[in-house]
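Asker: A predicted structure for the sequence below; I have some questions about it.
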Amino acid sequence: MRKNYSAWILMAVMAMLVVAIGLSFLFGADNPVPWILIAVLIALPFVYRRQAEKGQLRWKDDYSVGVKAIDDDHKRLIELLNGFQTAYRYHTGDDFERKALQELVDYTRYHFEREEKMMAEIGYPDLEAHREQHRAMIAEVEKFQEEYRQKGHEALRGVADYLNGWLIHHINGTDKRYSPYFEQAGVR
């Protein structure tokens, strides 16, 4: 089993820095070494956080489909996906991983139902093809869930990558196609 030890390494480095700072003050407060080490100690969590966030999705206004309710759902899906990625990446435990994945899947189903209902209300002509993409995505995620039940943590390796790619491609491609229909219907 592969675990991400980066948080432990960060804590160990910070502990060593604290010891080094204490020892370097033995040479006097006018010595620049402890002050440099203090600056490094302060900067380290910020650098670590920035590095940890690299793989996270961030909402961009370019993703907007022009319908507030759907945009809000997409923002929530991105938050849940990022939470799931964190649970997987830092191997927070089976319960937390399972909960994060289930919450993501449940909200995805809710969003798909709501989006499809809204498309039906405005008479979106490509609703059935859109619905089929939703079904295919849910079927794929259900395969991941079943594999997770059987194999555990390592089965989740490709889930986040699949969901990241699928979500952004779906929003920027398929979902944007219905934007003019919602605009024409006066739905914002």
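Answerer: Great, that's in hand.
Asker: contact partners for the residue nearest to the spatial centre of the chain?
Answerer: Nearest to the geometric centre of the chain sits N82, at 1.5 Å (CA atoms, centre = their mean). Counting by CB atoms under 8 Å, 6 or more residues apart in numbering, N82 touches Q56, L57. Yep, even glycine has a C-beta here, placed from its N, CA and C like the rest.
Asker: immediately after the helix or strand where it lies, which helix or strand?
Answerer: Take DSSP states H and E as the rule and N82 turns out to sit in helix 68-89. Using DSSP H and E, the helix or strand that follows helix 68-89 towards the C-terminus is helix 94-121.
Asker: which other helices and strands does that next one contact?
Answerer: helix 68-89, helix 127-151 (3 or more CB pairs under 8 Å, 6 or more residues apart in numbering; DSSP states H and E).
Asker: thinking again about what came up before, and the residue nearest to the centre of the chain, how far is that from H91?
Answerer: As judged by CB to CB, to the nearest Å, N82 and H91 stand 16 Å apart.
Asker: also V33?
Answerer: 36 Å.
Asker: who has more neighbours out of the two?
Answerer: Ranked by neighbour count (other CB atoms under 10 Å), V33 and H91 place H91 first, with 17 against 14.
Asker: surely that one touches H153?
Answerer: Yes - between H91 and H153 there is a contact under CB atoms under 8 Å: 6.1 Å.
Asker: how does this protein divide into domains?
Answerer: The record assigns the chain these domain ranges, following automatic domain parsing: 6-53, 57-184.
Asker: need the distance between the two termini of the last one.
Answerer: Domain 57-184 has an end-to-end distance of 30 Å (CA to CA, to the nearest Å).
Asker: related to what we said a few turns ago, out of the helices and strands packed on helix 94-121, nearest to E183?
Answerer: Distance to E183, taken as CB to CB, is lowest for helix 68-89 among the helices and strands packed on helix 94-121, at 12.4 Å.
Asker: angle of the closest one against helix 94-121?
Answerer: Angle of helix 68-89 versus helix 94-121, following axes from the mean of the first three to the mean of the last three CA atoms, to 10 degrees, is 160 degrees.
Asker: mind checking the SS state of the closest residue in space to H74 that isn't next to it in sequence?
Answerer: In space, and not counting its chain neighbours, H74 is closest to I171: 5.8 Å by CB to CB, 6 or more residues apart in numbering. Under DSSP: H, G, I helix; E, B strand; the rest coil, the three-state class of I171 is helix.
Asker: isn't I171 right next to Y63, touching?
Answerer: Yes - assessed by CB under 8 Å, I171 is found in contact with Y63 at 5.2 Å.
Asker: what touches both of these two?
Answerer: Joint contacts of I171 and Y63 (CB under 8 Å, 6+ apart) are H74.
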